[in-house]
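In: Any chance you could fold what I've pasted below:
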Amino acid sequence: MTKIDYERTYTLAEIAKKMKRPRTTLQSWKNQFYEFLPSVGRGRNMRYEEVALEVFSIIERMKEAGEPPERIREVLQNSAPIRTIDDVPNDVMPKPIVNTRIDGYEAFFKEIQRQNQLLIEQNESFHKQNQERKKEYEKLKEQLNNIQETNETSKEHMLQQENRRDERLMKTMKEMMEQKQKPGFWSRLFATRKENDPETEQTLR
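Out: Predicted coordinates for the structure are as follows:
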């Protein structure tokens, strides 16, 4: 039996202060994952071994990563099986049996960081592709507008040509009609003689 090393144990409030988290948050995490948190004593006298800080830190990081409780429990079970010992006198206790594999934690979180980095790179790649596609769309849209404007211009030009052609045709037809209504050469000639020679007109009578 050894005396409790209180300098290396903490209350839940002290851990919350160290982690800059509300005590109620840590209380919730403690209720969810109590079997993985090495502790001594019970009730108000419960204190947590220093390794519990690492466990709380892992829970915190996985919570921030959006991992569900089932996944957090699975990681804790595979990486840090811990037995807690309570119901012992306040001043004497055996050291808790703690099997922690901090290297496993670090490797796990490095893998999470690597996966997050891959996701970031993929998102950046998708964003870049979307920007390029957007530029292509704008370019195609501009080309289509140019084609439509060209078609409108060509259509207007054709209408103008047709109008000018119709105007020329109408003018030609009008000139032809006017030409038909004019007397012929011989008619004009005899009409002139009649006007100048009354005797001829009398003789003809």
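
In: Secondary structure element for the residue nearest to Glu67 when sequence neighbours are not counted, which one?
Out: Spatial nearest neighbour of Glu67, excluding adjacent residues (C-beta to C-beta, 6 or more residues apart in numbering): Val75 at 7.9 Å. Every residue, glycine included, has its C-beta placed from N, CA and C. Per DSSP states H and E, Val75 falls inside helix 69-79.

In: what's that helix packed up against?
Out: helix 23-32, helix 51-64, helix 102-181 (3 or more C-beta pairs under 8 Å, 6 or more residues apart in numbering; DSSP states H and E).

In: Most tightly packed of the ones you listed?
Out: Looking across the helices and strands packed on helix 69-79 with neighbours counted as mean count of other C-beta atoms under 10 Å, the highest average goes to helix 51-64: a mean of 18.

In: Can I get it as PDB, trimmed to CA atoms?
Out: C-alpha atoms of helix 51-64 as PDB (Å, rounded to 0.1, in the frame of the first residue of the first chain):
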ATOM      1  CA  VAL A  51      -3.500   9.500 -17.500                       C
ATOM      2  CA  ALA A  52      -7.100  10.500 -17.300                       C
ATOM      3  CA  LEU A  53      -6.100  13.800 -18.800                       C
ATOM      4  CA  GLU A  54      -4.900  12.000 -21.900                       C
ATOM      5  CA  VAL A  55      -8.100  10.000 -22.100                       C
ATOM      6  CA  PHE A  56     -10.200  13.200 -21.800                       C
ATOM      7  CA  SER A  57      -8.000  14.800 -24.400                       C
ATOM      8  CA  ILE A  58      -8.700  12.000 -26.800                       C
ATOM      9  CA  ILE A  59     -12.400  12.200 -26.100                       C
ATOM     10  CA  GLU A  60     -12.300  15.900 -26.700                       C
ATOM     11  CA  ARG A  61     -10.500  15.600 -30.100                       C
ATOM     12  CA  MET A  62     -12.800  12.900 -31.300                       C
ATOM     13  CA  LYS A  63     -15.800  14.900 -30.300                       C
ATOM     14  CA  GLU A  64     -14.500  17.900 -32.200                       C
END
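
In: Perfect, I'm done here.
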